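> Provided below for reference: sequence and predicted model.
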Amino acid sequence: MTATIIDGKAFAEKLRGRVASHVERLKAEHGIVPGLAVVIVGEDPASQVYVSSKAKQTVELGMASFKHELPADTPEADLLALVHKLNNDPQVHGILVQMPVPDHIDPNKVIDAISPDKDVDCFTPANVGKVQIGLPGPVSCTPLGCLLLLREHLGSLEGLNAVVIGRSNLVGKPMAQLLLRENCTVTIAHSRTRDLAEVARRADIVVAAVGRPLMVKGDWIKPGATVIDVGINRVPAPEKGEGKTRLIGDVDFAAAVEVAGAITPVPGGVGPMTIACLLANTVTTASLINGLEPPKDLTV
Ligand code: GUN
């Protein structure tokens, strides 16, 4: 039996619909237009694509988009000054500085400069702490997207064994925290974990977020488990023509789909959810900044 394919594209579309209706309501009832500022430093092509996509979808949902493209040699002080300006701009409710930043800029200083009230990435220590103790606020976009997909597919996650592979601040750590809040028994595995295959095989839920193409094999998956593949790895695809590439996940999909109960594809799984969650977070912060209750159907 092959696994159910979890359609992240379709679910992201539904989430965007809910975001759009809250944007309408904020405008009509409170005269608030949620605004998202996206800052990119340098010309990394993949980052450029993400940032353009973020700006486009922001506008599509009726929000205000402020895009700041800075040259790769922008001094750190100039970037920090822009962040401070955005912190004080009443039209801006969310600030996202696309990572990674060039080597001469300290990402931690950038994160520290962002007002926690506008931190739609949930990168600041204040917001990381709020997620940990369950206070309202933005939730890391990719983990939020993963959890919404898991809840949609499984309903309650209570008591399930969840194994998160990867311990990044961007995905692994916040994902583990959210699964713990759902009453899962959570294991965080990483590159130094012994017997990783055996650890993964105990999981009812596997979240793969390591950034290594096809690392998670079919025989690492317990029959019937739910597999969430966060990996977005661009690899050469000579079969499509010279110089062509394609996206593959951290999971060997072809093998895992034969064992798992459900699995997210790459592309079309977690990826589309991340931007939808960013826009949901912008409505959350716009609400909180204005003293309003954040919508319950945009978060976890
Ligand atoms: N680079 C890759 N993913 C992300 C993200 O979610 N937020 C930011 N700021 N940068 C990223």
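Cool, got the structure. Keep in mind that this is a model prediction, so the values were computed, not measured. Residues are numbered from 1 along each chain as shown.
> CA atoms for contacts and neighbours, from now on please.
Will do.
> helix or strand: which one has the most centrally placed residue in the chain?
With distances taken as C-alpha atoms, centre = their mean, the residue of the chain nearest its centroid is Thr142 (1.7 Å). Using DSSP states H and E, Thr142 maps to helix 141-154.
> elements contacting that helix?
Contacts defined by 3 or more C-alpha pairs under 8 Å, 6 or more residues apart in numbering; DSSP states H and E place helix 141-154 against helix 172-181, helix 270-289.
> which positions within the longest helix seen in the chain qualify as buried?
Longest helix of the chain, by residue count under DSSP state H: helix 8-30. In terms of neighbour count (16 or more other C-alpha atoms under 10 Å), helix 8-30 has its buried residues at 8-9, 11-12, 15-16, 18-20, 22-24, 26.
> now that helix against helix 270-289, angle please.
20 degrees (axes from the mean of the first three to the mean of the last three C-alpha atoms, to 10 degrees).
> so how far is helix 8-30 off the chain centroid?
Averaged C-alpha coordinates place helix 8-30 at 17 Å from its chain's average position (C-alpha atoms, centre = their mean, to the nearest Å).
> please apply the same query to stretch 251-263.
22 Å.
> contacts for that stretch, please.
Contact partners of stretch 251-263, identified using C-alpha atoms under 8 Å, 6 or more residues apart in numbering, comprise 1-6, 208, 213-219, 221-229, 231, 265.
> end-to-end on it?
When the termini of stretch 251-263 are compared using C-alpha to C-alpha, to the nearest Å, they are 10 Å apart.
> kindly report the same for stretch 94-114.
This stretch, stretch 94-114, spans 10 Å end to end (C-alpha to C-alpha).
> just the buried residues of that stretch, please?
Of the residues in stretch 94-114, those buried under the neighbour-count criterion (16+ other C-alpha under 10 Å) are 94-98, 101-102, 105, 107, 110-111, 113-114.
> name the nearest of those residues relative to the ligand.
Proximity to the ligand was ranked across the buried residues of stretch 94-114 by C-alpha to the nearest ligand atom; first place goes to Gln98, at 3.8 Å.
> so what's that closest one closest to, chain neighbours aside?
Among residues not flanking Gln98 along the chain, Ile40 sits closest, at 5.3 Å (C-alpha to C-alpha, 6 or more residues apart in numbering).
> looks like that neighbour contacts Ile95 (just checking).
No: applying C-alpha atoms under 8 Å, one finds Ile40 not in contact with Ile95, separated by 11.1 Å.
> centre of the chain versus the helix or strand encompassing Glu198, how much separation?
Secondary structure assignment for Glu198, by DSSP H and E: helix 196-200. Offset of helix 196-200 from its chain centre (C-alpha atoms, centre = their mean): 25 Å.
> tell me which strands whichever helix or strand comes after it pairs with, and in which orientation.
With elements assigned by DSSP H and E, the helix or strand that comes after helix 196-200 is strand 205-208. Applying DSSP bridges to the sheet, strand 205-208 is found paired with strand 161-165 (parallel), strand 226-229 (parallel).
> just the mean pLDDT for the helix holding Glu198, thanks.
In this model, helix 196-200 carries a mean pLDDT of 98.
> around the ligand, pick out the residues from this structure.
For the chain, the contact set with the ligand under C-alpha under 6 Å from any ligand atom comprises Leu96, Val97, Gln98, Met99, Asp121.
> count of neighbours near the spatially closest residue to Ile232 that is not a sequence neighbour?
Spatial nearest neighbour of Ile232, chain neighbours left out: Gly249 (5.2 Å); criterion: C-alpha to C-alpha, 6+ apart. Other residues near Gly249 number 27, with proximity taken as other C-alpha atoms under 10 Å.
> for Gly249, give its distance to Lys67.
Here the criterion is C-alpha to C-alpha. By it, Gly249 lies 29 Å from Lys67.
> residues in contact with the helix or strand harbouring Leu82?
Assigned by DSSP H and E, Leu82 belongs to helix 76-87. Residues outside helix 76-87 that contact it (C-alpha under 8 Å, 6+ apart) are Ala37, Val92, Ile95, His104, Ile105, Asp106, Val110, Ala113, Ile114, Ser115, Lys118.
> hmm, the last one is touching Gly94, no?
Yes: the pair Lys118 and Gly94 qualifies as a contact (C-alpha under 8 Å) at a distance of 4.4 Å.
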